[in-house]
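Asker: Sequence plus the predicted model coming up.
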Amino acid sequence: MRRTPTTPTELLSRARGLAGLTLAELAGELSVSVPANLRRDKGWVGRLLEDALGADASTAQAPDFAELGIELKTLPVDATGKPRESTFVTCVELAHPDEIRWETSHVRQKLARVLFIPVLSETSMSPGERLVGQPLLWQPTPAEEALLQADWEGHMRTIRQGYAHAITARDGRVLQIRPKGARASSRVWGLGPSGDLELIQPRAYYLRAGFTAQIIARSFALST
DNA sequence: TCTTGATCATTC
DNA sequence: GAATGATCAAGA
């Protein structure tokens, strides 16, 4: 673990210094072994970059860089720079939806400031061959936040009515909700239609790949 | 080909 | 069990 950056500028500067490295090179510097594939190490890339940048020890309900209020997200992209996957945001709080407002929601907090690090990750590339890209320190524009809030409010409306189990990944223009658990049979307490708590499948918020693609594209437009 | 729903490892 | 980090893999 490297020393934690004390300013956003230092963090960004350090992240820029990693651009162009292969993950194998980065892992070598950190004395971390490289898995042959990510099937059993799905969080390996994210943890590697956290380690390289000196993210705080994983503490619940706090950004990766707690003092800076910055969340770190790696973003697998193809050769054209488009995200290959959606981006995990946070778990959905299903039990007491009436007590949650957008202004203080976990989603808004998590996405307040995000350091996106694209990683060139064609499926044909082994984990070690993948390349760290130029980082992007993002804060939602008013328009982006409006999109996020609108989706979030829609999801919350459904959840408050006790129909969280009926939400599918097709709901939400930029912010979707998908199952998230150890297995499909995982269950957590959530509000049911009767107003009582019942056991339902745990879920999480994800940013659609199209949304993160726009974020990347906008930063590219600004930097050229 | 793209997305959705499912799954994996680790920590506390 | 819940939250962290995500990608896999089957079906549309």
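Answerer: Structure's in. What do you need?
Asker: can you pull the pLDDT of the most far-flung residue of chain A relative to its centre?
Answerer: The C-alpha centroid of chain A is most remote from A:Ser194, which lies 32.8 Å away (CA atoms, centre = their mean). On the pLDDT scale, A:Ser194 is placed at 95.
Asker: A:Leu21 too?
Answerer: pLDDT at A:Leu21 comes out at 98.
Asker: number of nearby residues for the closest residue to it other than its chain neighbours?
Answerer: Setting aside the residues directly before and after it, A:Leu21 is nearest to A:Val132 in space (CB to CB, 6 or more residues apart in numbering), at 5.0 Å. C-beta coordinates here come from the backbone N, C-alpha and C atoms, glycine included. The number of residues packed near A:Val132 is 25, by other CB atoms under 10 Å.
Asker: centre of the chain versus the helix of greatest length in chain A, how much separation?
Answerer: When chain A is scanned for its longest helix (criterion: DSSP state H), the result is helix A:142-160. Taking CA atoms, centre = their mean, to the nearest Å, one finds helix A:142-160 lying 17 Å from the centre of the chain it belongs to.
Asker: Output the next helix or strand after that helix as CSV, nothing but the C-alphas.
Answerer: Tracing the chain past helix A:142-160, the next element assigned as helix or strand by DSSP states H and E is strand A:175-179. The C-alpha coordinates for strand A:175-179 follow below in CSV (Å, rounded to 0.1, in the frame of the first residue of the first chain):
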residue,chain,number,x,y,z
LEU,A,175,-29.0,4.1,-13.3
GLN,A,176,-30.2,0.5,-13.3
ILE,A,177,-30.8,-2.0,-10.5
ARG,A,178,-29.6,-5.6,-10.9
PRO,A,179,-29.3,-8.6,-8.6
